[in-house]
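Asker: Need a 3D model of the sequence below.
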Amino acid sequence: MPEPSSSPSPRALVVGATGIVGQAVARRLIEDGWQTYGLSRSGKTTHPDIHPLRADLTNPASLAAVLDDLAPELVAITAWTRMDTEAENIRVNGGAVRDLLTALSPAGGVRHVALMTGLKHYLGPFEAYGQGKVPDTPFREEEDRLPYPNFYYAQEDELFAAAERDDFTWSVHRSHTVFGFATGNAMNMVATICAYASLCNELGRPLVFPGSETQWNALTDVTDADLLAEQMTWAARTPAGQNQAFNTANGDVFRWRWLWPQIAEWFGLDWEGYAESPRTLDISMRDMGPTWRTLAARHELVEPDLDRVASWWHTDADLGRDMEVVTDMNKSRTAGFSATRDTRASFFDYAAQYRRARVIP
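Answerer: Got it, this is the predicted structure:
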C-alpha cells in the first residue's frame, strides 16, 4: 500500500476506535495524513480528527447502513467481545469480521486489512487455556494451530476468505498484554495497576503483587499500543508485511519481581511480592467502587466509575498465568520492521499520561 497522498486523502477505517489499540492506530493514521474513520458501538470519538461511525458489530444491517459507500483503502480491526463460551466467542467475533468485510465489499476500495489478535493463538482459548501441548517459548508464528476451537482462528479464516473474494492484502498481529493510554476502556493493564496503586494509597495498604509465582519470577514481555499501531500501518504499506501473521512485542523481556518495586516507588508505596499463592485483584479490590468515587471527587478525577478505569479480571488473568509467556520477533524484523519499545519507560510514560489526564490522582 502506498503512503497516503495529500489530495485527496485516502480513507482508513479503524474498527474499535475507542479501545486501547484502536485509539493508538487512529492517532498514527491521522499523523500520517489519512482521512480516518472510527467505528465503535458508542459512536464516540477520542480525537477531533476522527470521523466517528456508530454501529454494532453483531448487527449486519447496522454495519451495512453505516459503511455503505465508505470504501476505505485500509481497515484496522482492533475490536473483540468476550462471551461466556468459546462457541459464542467464535460466533460473535468471527461473525463480526465476516459481516464487517461483507458490508465493505460492494463499494470496493479495500486494499489492506490488518487484524489484531493475541497470544491465545498459541495458548488456547479461555476454556482450554494452557492445556494440552503448548508450543515452547518464545512463541513463533509458524506454530500449527492448537486442536481446540478458537475465535482467533475463526477471525483469521473469515479474513482469508474475504481477502480471496475481494482481492486485498491482509496482516495478522498477535500482541501480548497491551500497555497504552485509553480513556473509558478498562481492559488495560497500566490503567488497572495505576487504579490499584491509587486505592492502596487511599487505604494505606502496600502494593501486593496479585499474580502467580511463575509470573513473579519468570521472564515475560508486553506490547506497547503505539508499537502495535506502528506495525499494523507498516504492514499495510510494505509488501514484505502483507499476507503474513506477525507477533508484536516490545522487543525486550523483564521479570515482574524487577518492575513491581519500581511501580510501588513511583506511587510512594511499600510493596509485597508473591507469597504462597496469588492474591488476586478481583478479591482484594472487590466492592471498591464507593472508595474510588470518594477518591475521584476529592481529586477531581475525570472518571468516577471504577469499572471504566480498571478491569481486575483481565489483569488477574495476565498476571496469574502459571507458565512462561515470551514471543519471538524475528519474523517481523527479518521482514523489515525493527521498531522496539522500552517496557519500563512505556509503563511509566503511560502512567504519567493517566495522571496528567486526571484519570488517577
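Asker: show me where the stretch 201-350 of the chain has strands.
Answerer: 207-208, 223-224, 244-248, 271-272 (DSSP state E, counting those that start in this stretch).
Asker: From the contact counts, what lies against the second one?
Answerer: Read it as strand 223-224. If contacts are counted by 3 or more C-beta pairs under 8 Å, 6 or more residues apart in numbering; DSSP states H and E, strand 223-224 sits against strand 178-179. C-beta here means a position set from N, CA and C on the backbone, and glycine is covered the same way.
Asker: partners of the strand it packs on in the sheet?
Answerer: With DSSP bridges as the test, strand 178-179 is paired with strand 223-224 (parallel).
Asker: and the partner strand, how far from the chain's centre?
Answerer: Relative to its parent chain, strand 223-224 has a centroid offset of 8 Å by C-alpha atoms, centre = their mean, to the nearest Å.
Asker: before we move on, back to that, export the strands of the stretch 201-350 of the chain to a markdown table and append columns for mean neighbour count.
Answerer: Shown next, in a markdown table, are these (neighbours: other C-beta atoms under 10 Å):
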| stretch | mean neighbour count |
| --- | --- |
| strand 207-208 | 22 |
| strand 223-224 | 28 |
| strand 244-248 | 23 |
| strand 271-272 | 16 |
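Asker: between these, which gets nearest to residue 262?
Answerer: strand 271-272 (9.4 Å; C-beta to C-beta).
Asker: tell me the mean pLDDT over that closest one?
Answerer: Looking at strand 271-272 alone, the average pLDDT works out to 98.
Asker: same thing with stretch 150-161?
Answerer: 97.
Asker: Just the buried positions in it, please.
Answerer: Neighbour counts over stretch 150-161 (16 or more other C-beta atoms under 10 Å) mark 150-156, 158-159 as buried.
Asker: And for stretch 196-211?
Answerer: 196-202, 207-211.
Asker: Could you export these as CSV, including distance to residue 299 and pLDDT?
Answerer: Below are the buried residues of stretch 196-211 laid out as CSV (distance: C-beta to C-beta, whole Å; pLDDT from 0 to 100):
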residue, distance to residue 299, pLDDT
196, 16, 98
197, 14, 98
198, 9, 98
199, 12, 98
200, 15, 98
201, 11, 97
202, 10, 96
207, 19, 98
208, 23, 98
209, 25, 98
210, 24, 98
211, 28, 97
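Asker: coming back round to it: which members of the buried residues of stretch 150-161 are the farthest-apart pair?
Answerer: 150 and 159 (14.1 Å).
Asker: I'd like the distance between residue 50 and residue 296.
Answerer: Using C-beta to C-beta, to the nearest Å, one gets 27 Å for the distance from residue 50 to residue 296.
Asker: doesn't residue 171 make contact with residue 241?
Answerer: Yes. Between residue 241 and residue 171 there is a contact under C-beta atoms under 8 Å: 5.8 Å.
Asker: Let's have the buried residues of stretch 150-161 in JSON lines, adding distance to residue 176 and secondary structure.
Answerer: As requested, these are exported to JSON lines (distance: C-beta to C-beta, whole Å; DSSP: H, G, I helix; E, B strand; the rest coil):
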{"residue": "150", "distance to residue 176": "17", "secondary structure": "coil"}
{"residue": "151", "distance to residue 176": "18", "secondary structure": "helix"}
{"residue": "152", "distance to residue 176": "14", "secondary structure": "helix"}
{"residue": "153", "distance to residue 176": "18", "secondary structure": "helix"}
{"residue": "154", "distance to residue 176": "21", "secondary structure": "helix"}
{"residue": "155", "distance to residue 176": "18", "secondary structure": "helix"}
{"residue": "156", "distance to residue 176": "18", "secondary structure": "helix"}
{"residue": "158", "distance to residue 176": "23", "secondary structure": "helix"}
{"residue": "159", "distance to residue 176": "21", "secondary structure": "helix"}
